[in-house]
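Chemist: Just to be clear, the model below is a prediction. Sequence and coordinates:
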Amino acid sequence: MEVCDAVITELMPKVIKFPSKNEIPEKALSFSIDKGMPNCVGAIDGCHIAIPKPAINGEDYWNRKSFYSINMQAIVDHHGRFLDVNIGWPGKAHDARVFMNSAIYKRAELGLIFPQSSTQIGEVNLPYYIIGDSAYPLKKWVIKPYPDNADASERNFNKKHSSARRVVEQAFGRLKQRWRSILKRCDATEKNAVKIISTCVTLHNICENLND
């Protein structure tokens, strides 16, 4: 745990950070080239890390997949590197609730994250945004799929959206394969599990940066 504390204190703020307003256009261009989503900065999703039943408020950690877990919210870039993480919510918490209580949501709603500039595509001024699945609220800066009764053009958009969003699911997969302590069940208290997960996420980004 001393190693985890050191990684979280010294490395995590340097390795996991959302791009600044000046850096976002370049990040969005890379995502557009790789994933075909213009002005998209990243993809967001939640991931459940299994833990033993906590001694206090244990039932809050029982998730919809029928195991005890910690919910980790993450935004990744086009390479699957973590740009922002919110780790520690009980598994029972819905992804939208975790998101709307996160620091990045509150800052984005205040206009502190994304540039005010936009790109003209047809008759639409497209701002910078992230993509998420149907669990997330639709915002000017959060694009989700069309509902199930979508028409043909909307279904085509949903296919492109789903294909681009897959990068965050793949990032979770690589994270768990790299660090087996969170692959099946992290046998630690919820407090220590949060530290372990945070450390694994930080080291994951270092590995991705080094193509390891």
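Modeler: Cool, got the structure. Everything numeric in this text was worked out from a predicted model, so none of it was measured.
Chemist: Run through who's touching the host helix or strand of Leu203.
Modeler: Assigned by DSSP states H and E, Leu203 falls within helix 190-209. With CB atoms under 8 Å, 6 or more residues apart in numbering as the test, helix 190-209 has contacts from 1, 3-5, 7-8, 11-12, 15-16, 49, 51, 54, 61, 70, 72, 74, 79-82, 85, 87-88, 171, 174-175, 178-179, 181-182, 186, 188. Yep, even glycine has a C-beta here, placed from its N, CA and C like the rest.
Chemist: burial count for the closest residue to Asn125 other than its chain neighbours?
Modeler: For Asn125, ignoring the flanking residues on the chain, the nearest one in space by CB to CB, 6 or more residues apart in numbering is Ser118 at 4.2 Å. Residues near Ser118, counting by other CB atoms under 10 Å, number 14.
Chemist: what does the average pLDDT come to for stretch 127-135?
Modeler: Taken as a whole, stretch 127-135 has a mean pLDDT of 96.
Chemist: Distance from it to the middle of the chain?
Modeler: Here stretch 127-135 is found 11 Å from its chain centre; the criterion is CA atoms, centre = their mean, to the nearest Å.
Chemist: circling back: drop anything exposed from the contacts of helix 190-209.
Modeler: With burial judged by 16 or more other CB atoms under 10 Å, the buried subset of the contacts of helix 190-209 is 4, 7-8, 12, 15-16, 49, 51, 54, 61, 70, 72, 74, 80-82, 85, 87-88, 171, 175, 179, 181-182, 186, 188.
Chemist: Filter those residues down to the ones in strands?
Modeler: 49, 70, 72, 74, 82, 85, 87-88 (DSSP state E).
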